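Asks: What follows is a protein structure lacking sequence information:
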């Protein structure tokens, strides 16, 4: 009996079908020094063409000893996102080779303070070498070993800035610009506390770097942390973690979220002690100026004593503010970090699957960046002007060495100072120039500033005129 099939027409026979290649995912997680991060957690989720998780494929696990993972049998998906978390190593700041404070840089700050107090040309403060040097040595003794060579210099300069602020009249203080909602007084205290915390051995550099980064980031976006968008919060957090990675290794996320707020009280207390002791050392420097006043005339000595008294009064006021400002600064810093730590902190990256024949390894490396400068620099034009005015000190020294009289020196420096002012005013933006001219005309009756006749009419001595010619001024204009 026939089956009914005809020879040569067997349609049940099909050509062999090529099997679909198996898809794979390969991930690698490195620290900032190119070392695999063993034991970190990973998360992979499939996404659609719009980059949204579609729930089709999800995988999590732990990286191997080399910081890698190979995932087999991945279904055919459009793409995936992945991220790493929970580096198992505790963060630890690395020990930086210790160096002694920069004696010369710090001495220049003390010399500058002394020169201003005695109202004389650079170098005159050194008439009493022992008193000035003792004040400097005592200050350096506050931080005998530091991680960064300029900590001592920065601290001396920051403390002097605070003292100068408290020497200003309240009217001038009120004209200082606000920063991040802070009045200028709180702003300079924040900066000085950050510098003081940086003097703490080993951990200080990392903490200072994070705080400088925090201030820099918030200032760059023009908002406090509570007003940041989710994307800005994530970017700010990643930036601070990258700064920590510059100073140590391990789980910087965990350290910033838990250890940082837990230790901030102790760091602030240490910073307060450093600031208080540093202000005492500045008072010693002021006393050294009085000691050096014996080399001047009675009239000059009296003027030096008057300046020193005002300087020491401002130091006393600054010391009375240390604890109050410490609490305000600490509360604000804690609030900002707490808001930043409240984000999701999932730094997701997009990836594509590979195959056994075409392996695609997705590498993610921790970022490490240097912290920014703490205070924004002066505008370039203003900085050049300030540098040229300060250089007049050296010219005064040279004129004095050449036998010029005090009056001759005063007249020559005053004329050159006005010439510098005219040159830079020609380069100043028109709106700013009108503001400067209006201020000078109202105050001195001259758009270019006080004339010799004006200063003499106000009872200024030739020494006073020399001193004023070498100071840039302009604090009431926000400089």
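Replies: All right, it came through fine. Note that this is a predicted model, so its numbers are computed, not measured.
Asks: Quick one: classify residue 370 as helix, strand or coil.
Replies: Under DSSP: H, G, I helix; E, B strand; the rest coil, the three-state class of residue 370 is coil.
Asks: Please tell me how far it sits from residue 216.
Replies: Separation of residue 370 from residue 216 (CB to CB, to the nearest Å): 11 Å. Backbone N, C-alpha and C define where each C-beta goes, glycine included.
Asks: Also residue 285?
Replies: Distance from residue 285 to residue 216, by CB to CB: 31 Å.
Asks: Looking at those two, which is more packed in?
Replies: The neighbour comparison of residue 285 against residue 216 (other CB atoms under 10 Å) goes to residue 285, with 27 against 16.
Asks: Could you check how far the more buried one is from residue 317?
Replies: 17 Å.
Asks: Please look at residue 219 and residue 178 and confirm they touch.
Replies: No: in this structure residue 219 lies outside contact range of residue 178 using CB atoms under 8 Å: 11.8 Å.
Asks: Who has more neighbours out of those two?
Replies: Counted by other CB under 10 Å, residue 219 and residue 178 do not tie: residue 219 has more neighbours, with 13 against 10.
Asks: tell me which element the more buried one falls in.
Replies: Per DSSP states H and E: residue 219 is located in helix 203-221.
Asks: can you tell me the average pLDDT over that helix?
Replies: Throughout helix 203-221, pLDDT has a mean value of 85.
Asks: all strands of the stretch 251-400 of the chain, in order?
Replies: Along the stretch 251-400 of the chain, counting by DSSP state E, counting those that start in this stretch, strands occupy 349-351, 354-355, 361-365.
Asks: So which of the ones you listed is nearest residue 252?
Replies: With CB to CB as the measure, strand 361-365 is the member of these nearest residue 252 (13.6 Å).
Asks: what packs against the closest one?
Replies: Packed against strand 361-365, as judged by 3 or more CB pairs under 8 Å, 6 or more residues apart in numbering; DSSP states H and E, are the following elements: strand 23-30, strand 79-85, strand 349-351.
Asks: Compare the mean pLDDT across these and name the weakest.
Replies: strand 349-351 (a mean of 86).
Asks: Can you report how many residues neighbour residue 435?
Replies: Neighbours of residue 435 (other CB under 10 Å): 14.
Asks: any idea whether it is helix, strand or coil?
Replies: Applying three-state DSSP: residue 435 is helix.
Asks: In this structure residue 267 contacts residue 210, no?
Replies: No: contact criterion CB under 8 Å: residue 267 and residue 210 do not qualify, at 10.8 Å.
Asks: got the helices and strands packed on strand 361-365 as a markdown table, with distance to residue 258 and mean neighbour count columns?
Replies: Compiled in a markdown table, the helices and strands packed on strand 361-365 are given as follows (distance: least, CB to CB, whole Å; neighbours: other CB atoms under 10 Å):
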| stretch | distance to residue 258 | mean neighbour count |
| --- | --- | --- |
| strand 23-30 | 21 | 20 |
| strand 79-85 | 15 | 19 |
| strand 349-351 | 26 | 14 |
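Asks: now for these, which one comes closest to residue 409?
Replies: For residue 409, the closest of the helices and strands packed on strand 361-365 is strand 23-30, at 63.3 Å, according to CB to CB.
Asks: Which residues outside that closest one are in contact with it?
Replies: Outside strand 23-30, the residues within contact range by CB atoms under 8 Å, 6 or more residues apart in numbering are 36-37, 40, 42, 44, 59, 63, 66-77, 80, 82, 84, 351, 353-356, 359-366.
Asks: how about a cut-off of 7 Å?
Replies: Outside strand 23-30, the residues that touch it by CB atoms under 7 Å, 6 or more residues apart in numbering are 36-37, 40, 42, 44, 63, 67-72, 74-76, 80, 82, 84, 351, 353-356, 359-366.
Asks: which is the next helix or strand following it?
Replies: Using DSSP H and E, the helix or strand that follows strand 23-30 towards the C-terminus is strand 41-47.
Asks: now that next one, how far from the centre of its chain.
Replies: 36 Å (CA atoms, centre = their mean, to the nearest Å).
Asks: and the gap between residue 392 and residue 400?
Replies: From residue 392 to residue 400 the distance is 12 Å (CB to CB).
Asks: I misspoke; the intended subject was residue 74.
Replies: For residue 74, the distance to residue 400 (CB to CB) stands at 82 Å.
Asks: try residue 466
Replies: Distance, residue 466 to residue 400, by CB to CB: 9 Å.
Asks: Next, show the common contact partners of these two.
Replies: By CB under 7 Å, 6+ apart, residue 466 and residue 400 have these common neighbours: residue 409.
Asks: more neighbours, the two?
Replies: For residue 466 and residue 400, the more surrounded residue by other CB under 10 Å is residue 466, and the numbers stand at 26 against 18.
Asks: For the nearest residue to residue 362 once chain neighbours are set aside, list the residues it contacts.
Replies: Of all residues not flanking residue 362 in the chain, residue 351 sits nearest, at 4.6 Å (CB to CB, 6 or more residues apart in numbering). By CB under 7 Å, 6+ apart, the contact list for residue 351 reads 25, 79-80, 82, 362.
Asks: gap between residue 351 and residue 34?
Replies: Distance from residue 351 to residue 34, by CB to CB: 20 Å.
Asks: measure stretch 440-455 end to end?
Replies: 13 Å (CA to CA, to the nearest Å).
Asks: Contacts made by it with the rest, please.
Replies: Contacts for stretch 440-455 (CB under 7 Å, 6+ apart): 411, 414, 418, 421-422, 437, 465.
Asks: Pull out the buried residues from those.
Replies: Applying 16 or more other CB atoms under 10 Å to the contacts of stretch 440-455, the neighbour count classes 411, 414, 418, 421, 437, 465 as buried.
Asks: any idea which helix or strand carries the second one?
Replies: It stands for residue 414. helix 406-425.
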